[in-house]
Every structure is written in C-alpha cells, then in structure tokens.
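Pasting the sequence and the predicted coordinates here, then a few questions.
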Amino acid sequence: MEKDYKISSARYYELKYFCLQYHDFKAKIKENELSGGSKASYFQNGMSSGISNPTMDKVLQQNIYFEYCELIEQTALIIGGDYGLYQAFLDNVTIGLSYEHLRALEKIPDHENGKPVIGYVKFYNLRRKFYYLLNFKKI
C-alpha cells in the first residue's frame, strides 16, 4: 500500500508553480554566465562590506537560482532514479507534461513485454511523493 503523501492544496500549488519556474531559473543562470559571472566567483571571504555591490547582488541571486534548480533536480532524481525516469519526472513537474504525453514521447519506456516500466497510478503516486519530499526540502 502506498503511503499517503498529503500536503495542503495551497502548499501543493505553491510547490507546483515553484517547479514551473525551473526553466526561468536556468535561463537566469545562463544569462549571468554569458555576462561574465559565475557561481560564487566574486565572493571575498564570504563577507560583504555593507556597500551596495551590483556584482555581488547578481552572484547571490544566481546562487539562489542554482540552489532552486538543484533542489528540483535532486528531488526528481530521488523519485525517478530507481525507474530510470529522472527526465520524465523533471519534465512532468517543470513543464507540466502528463503521463500520457511522456509515454507518447517515449520518455517512459516499455519493458520487453511491451508494458510501461511504470503505470499511470504508480507514476502519479510517485509525483505526489515528489511534492511531499519537496515540501520538506523547501521551507
């Protein structure tokens, strides 16, 4: 019997829309890297002088985006890793692709017997578990 992974509907929607921003976070990271910045490249002993520093602000913001992406990716890996479905879960929670769409795109492969490696019900139970785990990681 599957564990009941309950979170409030308000929290679920908060986490859902957080995950849907994943590609925006990635774009911000890439934009910063193209403009010459890199993760934590401008830190000096981890201290701030208290004076406004746009470069430092940009790096700190990029670090936050990087951490958000890692949080989503690591949780998708925990959920989909055992089934080889990391990318399928990542696409489900960050783009909103349904189980049926993922099957059509062959991101959920078949066993040799022609049946999918994971069924519809199991997939959505694991998706609930994804948001349940993310709920505790993103406080």
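Right, received. Where do you want to start?

mean confidence for the longest helix belonging to the chain?
In the chain, assigned by DSSP state H, the helix with the most residues is helix 54-80. For helix 54-80, the mean per-residue pLDDT is 87.

And the helices in this protein?
9-20, 22-34, 54-80, 86-94, 99-104, 120-137.

Now find how far off-centre the shortest one is within its chain.
What that stands for is helix 99-104. Here helix 99-104 is found 19 Å from its chain centre; the criterion is Cα atoms, centre = their mean, to the nearest Å.

Show me what counts as buried in it.
Residues of helix 99-104 classed as buried: 99, 102, 103 (neighbour count, 16 or more other Cβ atoms under 10 Å). Any C-beta I mention is one placed from the backbone N, CA and C, and that applies to glycine too.

And for residue 94, the neighbour number?
By the criterion of other Cβ atoms under 10 Å, residue 94 has 21 neighbours.

ok so, going back, most tightly packed of the helices of the chain?
Ranked by mean neighbour count, these are led by helix 86-94 with a mean of 21 (mean count of other Cβ atoms under 10 Å).

Mind telling me which residue is nearest the centre of the protein?
residue 72 (2.2 Å; Cα atoms, centre = their mean).

Give me the distance between it and residue 108.
Using Cβ to Cβ, to the nearest Å, residue 72 is found at 19 Å from residue 108.

Also residue 132?
Residue 132 is 21 Å from residue 108, where distance means Cβ to Cβ.

dump the residue contacts of the residue nearest to the centre of the chain.
Each residue near residue 72 by Cβ atoms under 8 Å, 6 or more residues apart in numbering is listed here: 18, 19, 22, 90, 93, 94, 134.

can you name the two of those that are farthest apart?
The distance between the two most remote of these (Cβ to Cβ) is 13.8 Å, for 18 and 90.

where does the protein have low pLDDT?
Residues of the chain meeting the criterion pLDDT under 70: 1-3, 35-56, 139.

same thing but 90
1-7, 29-64, 81-84, 105-106, 108-119, 136-139 (pLDDT under 90).

If we ignore the residues flanking it in sequence, what's nearest residue 110?
Using Cβ to Cβ, 6 or more residues apart in numbering and skipping the chain neighbours, the partner closest in space to residue 110 is residue 116 (5.7 Å).
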